[in-house]
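Chemist: A structural model of the following input is requested.
(one chain, ligands or ions: 1)
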Amino acid sequence: MPQVRSIIAGLVACLVALTLVPMDAGVAATAKKPAVAKPKSKPKSKPKPAPLPAQKCEKPKFRIFVDVGHTSESFGALSARNDTEFGFNLRLAKLIVGRLKSEGFGTTRLLVTEGKARSSLLKRVGVANNAKADFFLSVHHDSVPDKLLEEWEFEGAKSHFSDRFSGHSLFVSRQNPHFASSVLFARLLGKEMKERGLHYATQYTMPIMGRYRHPLLDKDVGVYSYDQLVVLSRTRSAAVLLEGGSIINRDEEMALNAPERHGLIAAAVADAMKEFCERRR
Ligand SMILES: [Zn+2]
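Modeler: I've put the predicted structure just below:
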């Protein structure tokens with residue numbers, strides 16, 4: 001049914017479904033904030049989780065969790081060619097884990113969660129917290145708000161796309177107990193992506209995004225804050241969410257389907273993690 005298909009396709013499925021607060025309250029709380037993080041502007045709704053002490057980084061012992069966004073059951077956004085976001089997330093996350101391991105981060109774990117969207121959020125955070133994760137990277141792919149979707153036909157099926165925006169993006173939460181470390185990694189990763197010729201998605205500051213607007217913390221490399229995201233605010237380690245690119249943009253979807261683009265992103269993650277680790281020695 002087009003109505004249902006449209007709801008599944010939109011940004012709601014990718015990002016907003018990753019919060020546990022009512023959508024309007026949560027997003028409105030961040031939408032009007034200034035672009036620079038200030039402690040006094042933090043939402044007061046939830047206490048921060050108790051931080052795990054930041055360990056020095058020894059590569060073989062540094063417990064990195066690479067979280068595959070969504071589940072096979074609640075698969076996130078649909079691409080312009082009707083492939084699931086979960087599939088893109090799984091492919092990229094596996095590449096990232098392989099690359100991190102080959103760079104010496106031997107205890108890196110791929111985190112695949114099952115079940116419905118909301119229950120899976122707390123599950124994945126629980127697994128990482130219980131295992132005393134040192135770092136949590138959640139891997140996603142982007143879409144657009146439903147109102148921006150256009151119709152087309154792909155292989156005989158009515159489908160949706162939006163070629164208006166493209167690029168990756170990085171999100172951190174000011175409610176994370178290791179906010180500064182989270183921002184540090186996000187900036188390092190943004191820099192590595194930029195050096196590989198990749199650009200970030202600039203639309204999250206635009207009025208057209210309405211309630212999906214987010215403060216841009218680093219306009220050079222594309223780091224946004226999104227305080228209410230469960231995987232960023234309930235994790236006891238530093239945490240970053242990476243949107244690898246837009247799968248609702250028809251050209252970018254094709255690029256993300258080719259191994260080269262995902263390979264570049266995985267290499268960027270590994271190089272950023274090496275520098276992050278160096279700075280914690
Ligand atoms: Zn997503």
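Chemist: now the closest residue in space to Thr205 that isn't next to it in sequence: how far from Gln203?
Modeler: Spatially, and ignoring its direct neighbours in sequence, Thr205 is nearest to Leu216 (5.1 Å; C-beta to C-beta, 6 or more residues apart in numbering). To be clear about C-beta, it is placed using only N, CA and C from the backbone, and glycine gets the same treatment. According to C-beta to C-beta, to the nearest Å, Leu216 stands 11 Å off from Gln203.
Chemist: do Pro145 as well
Modeler: With C-beta to C-beta as the criterion, Pro145 and Gln203 are 10 Å apart.
Chemist: Now do the contacts for Glu153.
Modeler: For Glu153, the contact set (C-beta atoms under 8 Å, 6 or more residues apart in numbering) comprises Ser159.
Chemist: Which of the helices or strands spans it?
Modeler: In this assignment (DSSP states H and E), Glu153 forms part of strand 150-154.
Chemist: Now do the helices in this structure.
Modeler: Assigned by DSSP state H, the helices in the chain fall at 2-9, 11-14, 23-31, 85-102, 117-130, 179-195, 230-233, 250-257, 259-278.
Chemist: from the middle of its chain, how far away would the longest one be?
Modeler: Okay, so that is helix 259-278. Distance of helix 259-278 from the chain centroid (C-alpha atoms, centre = their mean, to the nearest Å) equals 15 Å.
Chemist: That one - contacts with which helices or strands?
Modeler: Helix 259-278 sits against helix 85-102, strand 135-142, helix 179-195, strand 238-246, with contacts defined as 3 or more C-beta pairs under 8 Å, 6 or more residues apart in numbering; DSSP states H and E.
Chemist: Residues in contact with it: which ones?
Modeler: Applying C-beta under 8 Å, 6+ apart, the contact partners of helix 259-278 are 57, 59, 62, 64, 91-92, 95-96, 98-100, 102-103, 105, 135, 137, 168, 181, 184-185, 188-189, 191-193, 195-196, 198, 242, 244-245, 255-256.
Chemist: Great, nothing more from me.
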